[in-house]
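# this one's sequence-less:
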């Protein structure tokens, strides 16, 4: 064998040695095949969705692959999860996730579906703020009663806690019943044995009647603009935002203008289920305390709770509120925001001057108004931050 022939042979072997592992490691085909293996093993949809969330969706999914996956038993949720990540990666430098948001929190890479990107926020150092019931849990267990104040007054309701744990109620939660449906204006803590007058706003303009004086949680929150109006504006602005939201999702007209027209719309529920199947598995973690929300490439909100358990109880309500907002938007097919945009948004709020907003017996709400966003921060009597909500203006 000549020197030239031997040289060609060596180069060929070297190229093959490099090319083979490269093919094995980079093909989208491998992700699809792994999912097919899981489908054949019948491990369950939840496990498969967590696998896709952990490993990432392929950059592309062909029609043939979709057909094969369907034949193997892939559900609509699994197919959507595999398709959701195509060509939607955060802008910025590769490997920029996770990164530190502040001294206590870090931000993970996003899960993308449609025009929305959700970035999990993790608590780096455990915080001990105790255990709380949500208003849904407290009412369901007969530990809480929510009722009209006296014969009824628009801006207030009475909430009594007869249980053994404090109740945490988040600004933006909707209660239905009484003389008209309301939205909770500010975060509030109600300790065992306490009865508080809680500030609310009306989200049902055309009704002021009803045989019952009690309310029930609606298992939903208002959209971001309605929540912002309830906290930082007046009743008229709340009604304006409710009307806009109902119109944006083409909710059936109601004689009372109730927010339930949007919340109960079947198309909204279906849309939420699609987003939930893609996003919620990524929010299942013992250190996860919040989310960064990006819509059409722009930072829309940052929501952080004081503990993983409190966030875990509220994450579905929060996600549904953002899906409600997304339903009225057109997907502009743009890339999600990267590290720099998230840090700029967050820091602009945290560097804004703190102003007292609403004080209750066991907690205080403060606001931080910045140029492009506004924050509501809720602290307990010991100064622990229970929740930080930053919404884009």
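Received, thanks. Please read these numbers as outputs of a predicted model, since none were measured by experiment.
# Summarise which helices and strands the strand or helix carrying residue 290 is packed against.
If you go by DSSP states H and E, residue 290 is part of strand 288-295. Counting by 3 or more Cβ pairs under 8 Å, 6 or more residues apart in numbering; DSSP states H and E, the packing neighbours recorded for strand 288-295 are strand 105-107, strand 116-123, strand 298-305, helix 308-326. Placement of C-beta: from N, CA and C, glycine included.
# I'd like the next helix or strand past the first one.
Translated: strand 105-107. strand 111-113.
# What are the buried residues along that next one?
111, 112, 113 (16 or more other Cβ atoms under 10 Å).
# Go through the residues you listed and name the one nearest residue 286.
Comparing the buried residues of strand 111-113 against residue 286 with Cβ to Cβ places residue 111 closest, at 18.0 Å.
# Run through the bridge partners of that closest one.
Note on residue 111: beta-bridge partners residue 118, judged by DSSP bridges.
# So what's the gap between the strand holding residue 290 and the chain middle?
6 Å (Cα atoms, centre = their mean, to the nearest Å).
# just the helices in the stretch 151-300 of the chain please.
224-232, 235-248, 260-263, 266-279 (DSSP state H, counting those that start in this stretch).
# among the ones you listed, where is the model least confident on average?
For these, mean pLDDT drops lowest on helix 260-263, to a mean of 76.
# other SSEs contacting it?
Going by 3+ Cβ pairs under 8 Å, 6+ apart, helix 260-263 lies up against strand 215-221, helix 235-248, helix 308-326.
# make it 10 Å
Here helix 260-263 touches strand 173-177, strand 215-221, helix 235-248, helix 266-279, helix 308-326, going by 3 or more Cβ pairs under 10 Å, 6 or more residues apart in numbering; DSSP states H and E.
# Summarise which helices and strands the third one is packed against.
When you say that, I think you mean helix 235-248. Going by 3+ Cβ pairs under 10 Å, 6+ apart, helix 235-248 lies up against strand 182-184, strand 195-202, helix 224-232, helix 260-263, helix 308-326.
# list the buried ones in it?
237, 238, 239, 240, 241, 242, 245, 246, 248.
# And it, how far out from the chain middle?
The answer for helix 235-248 is 21 Å, by Cα atoms, centre = their mean.
# ok, now the shortest one?
Between the mean C-alpha point of strand 173-177 and the mean C-alpha point of its chain there is a distance of 19 Å (Cα atoms, centre = their mean).
# Surely residue 390 and residue 370 touch.
Yes. The pair residue 390 / residue 370 is scored as a contact, 8.5 Å apart, by Cβ atoms under 10 Å.
# Overlap in contacts, those two.
Common neighbours of residue 390 and residue 370, counting by Cβ atoms under 10 Å, 6 or more residues apart in numbering, are 345, 348, 349, 350, 352.
# Nearest to residue 230 among the helices and strands packed on strand 288-295 would be which one?
The nearest among those, by Cβ to Cβ, is helix 308-326 at 12.3 Å.
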